[in-house]
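> Model the following, please.
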Amino acid sequence: MRRAAIGVFDSGIGGLTVAAEIAARLPHEDIIYLGDTARLPYGTRSPQTIVRYAERATGLLLKYPIKALVVACNTASAYSLDALRAATDLPVLGVIKPGARAAVAGSRSGRMGIAGTEGTIRSGSYQQAIHALDPVVELVARPWPLLVPLAEEGWHDHAVARLALETYLSDFAELGVDTIVLGCTHYPVFKRLISEVLETTFGASDVALVDSAVAVTTDLQQLLMERDLEAPQRAGRRSFFCTDARERFERVGGHFFRGDLSSATVVDL
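Modelled structure (predicted):
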């Protein structure tokens, strides 16, 4: 099992930010990544549909020798973890609880913003996870739906993205948050632009942006150590699958993963 891979899936290319963090911090581990590009976005789907999609993605990854499953999609993490854990004895990690812990630990004022897809915000998962850690935290949670298609389009520093963020960040600025949870794995590619808009438009230069990719990788690393599942010292292999639009997955996804995805294979779930 030490030589088995880490399975990672997302609704599209956003979860490649999680895969990139795992690859950077755990370079000896093999990674098998699945982006369900035929069905994105998950954030606008019903809970039942999200669970069904997540189960199918997991079913494909379980056909390969994996030792842990990382649900890199915030929406799927919000709705499907119980079903996925019932389907396998392997450890299943979501991104919401690690992100919530990082937010609570990093906030100075106890005023936080949560940004995510419509499905993630509607689920209340981040709100519940944060309030379970600190019941008195002030939260404002808002969906940022336009950022997913903009990220998929590769418009990480576009005027349209800036205008959208000026609108989306206004509620957070009004509350005076000192921490914003980026509750969608597409959002970290906008970190620089988010910080710039906060400073230039709202005069907020010290707002911390919580990237759940960093937090879940810390949990994964600890789990592998505790269970003696760390890979031997060698170069980890990376395998990429998508369910549609391979050329787009390779071209745009390369910016998320910060590497070459030309070996990606299209699969049918």
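
> so the closest residue to T117 other than its chain neighbours, which of the three states?
Among residues not flanking T117 along the chain, G43 sits closest, at 2.5 Å (CB to CB, 6 or more residues apart in numbering). Where C-beta positions appear, they are placed from N, C-alpha and C, glycine not excepted. Using DSSP: H, G, I helix; E, B strand; the rest coil, the structure places G43 in helix.

> G43: neighbouring residues, count only.
Neighbour count for G43, taken as other CB atoms under 10 Å: 25.

> Ok, A100 next?
Using other CB under 10 Å, A100 has 28 other residues around it.

> Could you do L175 as well?
Neighbours of L175 using other CB under 10 Å come to 14.

> mind checking pLDDT for T243?
At T243, the model reports a pLDDT of 97.

> Surely L84 and A54 touch.
Yes: applying CB atoms under 8 Å as the test, L84 and A54 come out as touching, 6.2 Å apart.

> related to what we said a few turns ago, ok, now how distant is the residue nearest to T117 from I50?
Plainly put, G43 is 9 Å away from I50 if you go by CB to CB, to the nearest Å.

> With L34 instead?
Separation of L34 from I50 (CB to CB): 15 Å.

> go on, P27?
32 Å.

> Show me which of these two is the more surrounded one.
A side-by-side neighbour count of P27 and I50, using other CB under 10 Å, places I50 first with 25 against 12.

> Report the contact partners of the more buried one.
Y42, T75, A76, Y79, S80, G119 (CB atoms under 8 Å, 6 or more residues apart in numbering).

> mind checking pLDDT for Y42?
In this model, Y42 carries a pLDDT of 88.

> Go ahead and confirm it touches V71.
No: shown here, Y42 and V71 do not form a contact pair, counting by CB under 8 Å, at 10.7 Å.

> Identify each of the strands in the stretch 1-150 of the chain and give its residue range.
For the stretch 1-150 of the chain, applying DSSP state E, counting those that start in this stretch gives strands covering 5-10, 31-35, 66-71, 92-93, 111-116, 138-143.

> Mind telling me which residue is nearest the centre of this structure?
Nearest to the centroid of the C-alpha atoms of the chain, with distances taken as CA atoms, centre = their mean, sits T185, at 3.1 Å.

> Assign a three-state SS to that one, would you?
T185 ends up coil, using three-state DSSP.

> For it, give its distance to L163.
T185 is 22 Å from L163, by CB to CB.

> thinking again about what came up before, isn't the residue nearest to T117 up against S123?
No: G43 lies out of contact with S123 (CB under 8 Å); the separation is 10.1 Å.

> about what we covered before: now list whatever residues contact both of G43 and I50.
Here G43 and I50 have T75, G119 as joint contacts, going by CB under 8 Å, 6+ apart.
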